[in-house]
Every structure is written in structure tokens, then in C-alpha cells.
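> Sequence first, predicted model second:
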Amino acid sequence: MGGMSAPGTVAENRAVVVIGGGVGGLSAAIQAAALGCEVTLLERGDRVGGKLRELAVAGQAIDSGPTVVTMRWAFDQLFGAAGRQLADYVDLIPLEVLARHAWPDGARLDLFAQLEATASAITSLSGSDDAAGYRRFCAHTERIYKIVEQPFLRSERPSMSSIVTAKGLRGALEFAGIDWHRSMWRALSSFFADPRLRQLFGRYATYYGSSPFRCPATLNLIAHVERAGVWRIGGGMYRLAEALAKLATELGVTLRTGCEVSRVIVADRRAVGVELASSERITADAVVVNAAPQALDEGRLGAELRGCVNYERGAARSLSAVTWSAWARTRGFPLAHHNVFFSADYAAEFQALERGELIDDPTVYVCAQDRLDGIAPLDATPDWSAPERLLILVNAPPRGDEDPWSSAELDALEQRSFAVLRAAGLEVEIIEQVRTSPTQFERLFPATGGALYGFSTHAMMAPFRRPRARANIERLYLAGGGAHPGAGIPMVCLSGQIAGRAVAADLGLSA
């Protein structure tokens, strides 16, 4: 890769280094390369993917991060920028049953992609009034999404005023309808009398690492995003990471794994390259960092980067998790691809999380990765399955940098979590498993405490306080779940595209 260009030249200002090979880093590399940059991506691990990770358990490759794709348009847009089609790189399979839910009282409910199928299921569970509430809820969440999509999700630098003024007086009137003034839980109470349904739709707050009792009701739009389309990836979610890496390579991006960056080299308040832990130096005309903004602010990539990120110091971290990637046999409950086993007291869960404690009676998520062909009826009681791949997850406080829990305490949480499954009729016989706690997540994603979704969204202005793509040091950029527009692989993909376009624009290479 060429050395640094003279300040006045444009044609030679093309050398870009991307630090981190998560979805945000890969997306930034692809976007920048598609616009003419010469990109080198450096990943400290032996594989790219970041949180889109796959673990080998008993010789089986188990999805151990995100388990489906939503907002497919974000990836379609990225591949389109490179003149490619996403569907040529991965096998996208839509889910008809979005998730299967179970409660301690024995109730079960499937959530479908088709609105009326879900309304019918809710009628059977809770009655026609709540089914009507669901229809109103769908219309409400779709309206919120349409209001914020362009001025927030698709904007490189969103602000409250941009949402209010984007459409003049109409925009100001629409803003009142995004439901920012009340909590998600309170809003759900206006649609559903059955507390189980409030619990079900309140869970969408955790997709953004937040509490439904504290986050603004605007986040109910996540329910619309999921209803608008959920896809699994044939062969497992890691195939998406491989597809991004393949596309990057086709565009000329140099991918280097096993390369840990010790610092970003700064001269005259401008990023001019990086230094690896091996002492190798790589010069660059721009540097993109796909890491937690806190890592930069704490000086983990060089003391000169302290304070280079605009974000709210002391902002609450999002949720972490304890996960079990398991090769196991199951019986007694008819698993779908997505399954949620609710606790008896949802409020108590989030009270424990806010106290920084492991949950006594947790809600448990189970992804049955191999349940692909057909879905057994809700009332089926299948016998022991053949061994299958499972990802089991419970929420946990983001205290991984403190390493607060002993193995015995995590073992006890495991026992409580599997007891929740048994109470709902699911028996799990573990053959082999790998457990990941907030401490391990902190090691994988430094400076996060194991938080998996950036910062929590417990205030109306929180989304607008996320760091932007351009840092306070010239030619230094951010991509990832800690930056705008936030967490979740489609959002992170968008953040990478924003960073890639910003790099190209500043180097004079925009289309």
C-alpha cells in the first residue's frame, strides 16, 4: 500500500485502513472500496465477523451471535453499491413463524409474518379485543417506522430538528406520533390487556439492549421491522460474514487476520496510519475504527485518541448476556427456529439487571438452528430429537470488565435457566456446550463490559447522542454498533456504509 499523499493531491489520497473485521468494518471496507479507495482491513482474531460469530462445539458450527437478518434492504444497498446482488452470495430463507413463545402457565403463542395469522393466534390466546389491539399496534408501529426511516436510519447525521423539519409543518405534526413521550411498557398497555402480550412485545426492547420499562415507546418500531421480513441464512449466519469478506476481496480489499493494532498514528491532529502489536507500521490517508467508541476514548488505541469521540460519558451500557452454544438433544416442546420461554415476573428481571445482578427467574431464548423444514404444532410433544445445534441465551448485566461472578454462580444461573425450559415442557440433554459470559464478551469486545448493543436507549435523545462516523481527529472514522444508527447487524451495516461514504467524500472520491 502506498505511503501518505501530499495534502493538496486528490488522486493519490486513496489508502484506507479499517481496524476490525466485524460487520461494521467489513461494510465500511466494501463501501469505501466501491468508491475507489485502496483498503486494508486488519482483524486481530483469526476470522472476521465480530459479533456475527460461529463456534465449533462437538465438531458442529453453531451460530452464537445474531441468528436472523432483518432490514434486508441495508445489505441489498451495500451489495448494490458494489454492483452485486446479495442473493448471489447467500441463501436467504424467509421465516413464516417469526418466533414461538411459551409462558409458565402453559400458554403458547406463535408470532407469524402474516398479520392476520398472528391476530387469529392472539384471538385464541387472549380474545378478540387483544387481536384488535394487535392490528392497531401494527398500524401504529408501521407509522412510527415510516416517520423515522429517512431522517434517522438513512441519515448520516440525524438530529431532532431534521426529523421535525424534514417535511415542514407536516414533519412537526408527525413527530408527535413517534410515541417518544411514554415508555414502551406503558404504550403496550394501551394496546393489550393481556400481560403476556405486553411481555411478548416488550421483549423487542432487548433487541436494542434496553429495558421495555425505561426505553421510549418509539422502539416499538422494532416489532414492525421484524414483521416486515425475517430471513435465516442457509448454512448458518456466519455465511453472511463470509459473503461480506468475499465481496470485499473481489473489490480489492486486503484482508489480514491475526493483526492486532496497538495504536492509530496521529500527526497534526490527523490519522496517518496504524502501528501493529508486531511493531509494523502501515501508512494511510484515512483510518476507520470498528470498535467500541469507549475504547478510543480510553486511549486503548493510543493516548492521542482520548476525547476524539463525541458521546455521553457515563451513559448506561446496553445489556450483556450469558449464552450456551450447545450440541444437544431435546424433547417435550415443539421447537421452532426462534423460541422464547418467558419468566413469571418480567419487571423483576429488569430490576435485577439494573442492580447489576444475575436474574433469579430469567426469560430464556432458544435458537434451534436446525429447525428448518417444518414446524410442529404448538400442542405437539415430540420425543427425543436427534442431536441438534442450539443457542440458549439469557440477559445479563454488562459487568464483564469487573468479572463479578464465580463459576459456581454462573452454574447456578444455568440451572435456573434450564429449569425455566423444563417448566415450559422442554427437556434439554446437553452433549457438549460452550458457555460465554459477560467477562468473555468483554475480552472479545474491549471497553464494553460485555454490553452487546452499544449504549442503552433509556431516554428519548439517546439515539441522537450516539457518535457519528467522523471523529474529532481528521481522517479518523467510526463504524459499529456503538455509532449511529446503533446496534443489530443491519444497523451496523448501515453505520459501515456511512463511514465508507464519509471516507470517500473526504478523499475526493465520492461518486
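Arrived safely, thanks for sending.
> Could you find the closest non-adjacent residue to residue 466?
The shortest distance from residue 466 to any residue other than its chain neighbours is 4.6 Å, reached at residue 484 (C-beta to C-beta, 6 or more residues apart in numbering). C-betas here are computed from N, CA, C, even on glycine.
> Phi first, then psi, for residue 401.
Note on residue 401: backbone dihedrals following degrees, to the nearest 10 are phi -70, psi -10.
> circling back: for residue 92, see how far away the residue nearest to residue 466 is.
26 Å (C-beta to C-beta, to the nearest Å).
> again, but for residue 139
As judged by C-beta to C-beta, residue 139 and residue 92 stand 27 Å apart.
> Looking at the two, which is more packed in?
Ranked by neighbour count (other C-beta atoms under 10 Å), residue 139 and residue 92 place residue 92 first, with 17 against 11.
> Surely residue 348 and residue 362 touch.
No. Here residue 348 does not reach residue 362: they are 10.0 Å apart, not a contact under C-beta atoms under 8 Å.
> pull the longest strand from the chain.
strand 320-331 (DSSP state E).
> still on that earlier bit, if you count what's nearby, which of residue 348 and residue 362 comes out ahead?
Neighbour tally, residue 348 and residue 362, criterion other C-beta under 10 Å: the higher count belongs to residue 362, 24 against 14.
> Touching, residue 432 and residue 55? I think so.
No. Using C-beta under 8 Å, residue 432 makes no contact with residue 55, being 10.8 Å away.
> out of those two, which sits in the busier spot?
Neighbour count, other C-beta under 10 Å: between residue 432 and residue 55, residue 55 has more, with 19 against 13.
> What score does the spatially closest residue to residue 76 that is not a sequence neighbour have for pLDDT?
Leaving aside its sequence neighbours, residue 76 sits nearest to residue 86 (C-beta to C-beta, 6+ apart; 5.2 Å). pLDDT, residue 86: 98.
> Equivalent analysis for residue 1, please.
Looking at residue 1, its pLDDT reads 37.
> returning to what we had before: can you give me how far the longest strand of the chain is from the chain middle?
Between the centre of strand 320-331 and the centre of its chain there are 19 Å (C-alpha atoms, centre = their mean, to the nearest Å).
> For that strand, list every residue counted as buried.
The neighbour-count check on strand 320-331 (16 or more other C-beta atoms under 10 Å) flags 320, 321, 322, 323, 324, 325, 326, 327, 328, 329, 330 as buried.
> Return the mean pLDDT over the following helix or strand past that strand, rounded to an integer.
Using DSSP states H and E, the helix or strand that follows strand 320-331 in sequence is strand 338-341. For strand 338-341, mean pLDDT rounds to 97.
> same deal with stretch 409-424?
For stretch 409-424, mean pLDDT is 98.
> Please export the C-alpha coordinates of that stretch as CSV.
Output of stretch 409-424 as CSV, limited to C-alpha atoms (Å, rounded to 0.1, in the frame of the first residue of the first chain):
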residue,chain,number,x,y,z
GLU,A,409,-22.8,-18.5,40.3
LEU,A,410,-22.9,-19.0,36.6
ASP,A,411,-23.5,-22.7,37.1
ALA,A,412,-26.5,-21.7,39.3
LEU,A,413,-27.8,-19.4,36.6
GLU,A,414,-27.5,-22.2,34.1
GLN,A,415,-29.6,-24.5,36.4
ARG,A,416,-32.2,-21.8,36.9
SER,A,417,-32.4,-21.2,33.1
PHE,A,418,-32.8,-24.8,32.2
ALA,A,419,-35.4,-25.1,34.9
VAL,A,420,-37.4,-22.4,33.1
LEU,A,421,-37.3,-24.6,29.9
ARG,A,422,-38.4,-27.7,31.8
ALA,A,423,-41.3,-25.8,33.3
ALA,A,424,-42.5,-25.0,29.8
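> Can you point out the buried residues in that stretch?
Those would be 410, 413, 414, 416, 417, 418, 420, 421, 423, 424, for stretch 409-424 by 16+ other C-beta under 10 Å.
> just checking, what packs against the helix or strand harbouring the fifth one?
Right, residue 417. In the assignment (DSSP H and E), residue 417 maps to helix 407-423. On a contact count with 3 or more C-beta pairs under 8 Å, 6 or more residues apart in numbering; DSSP states H and E, helix 407-423 meets strand 320-331, strand 364-368, strand 388-396, strand 427-436.
> Can you list the low-confidence ranges for the stretch 1-150 of the chain?
Where the stretch 1-150 of the chain drops to pLDDT under 70, the residues are 1-12, 150.
> Make sure residue 256 is actually in contact with residue 42.
Yes. Checked against C-beta under 8 Å, the pair residue 256 and residue 42 is within contact range at 5.3 Å.
> who has more neighbours, the two?
The neighbour count for residue 256 versus residue 42, taken as other C-beta under 10 Å, is higher for residue 42 (23 against 14).
> all helices of the stretch 251-400 of the chain, in order?
The residue ranges that make up the helices of the stretch 251-400 of the chain, judged by DSSP state H, counting those that start in this stretch, are 293-297, 346-354.
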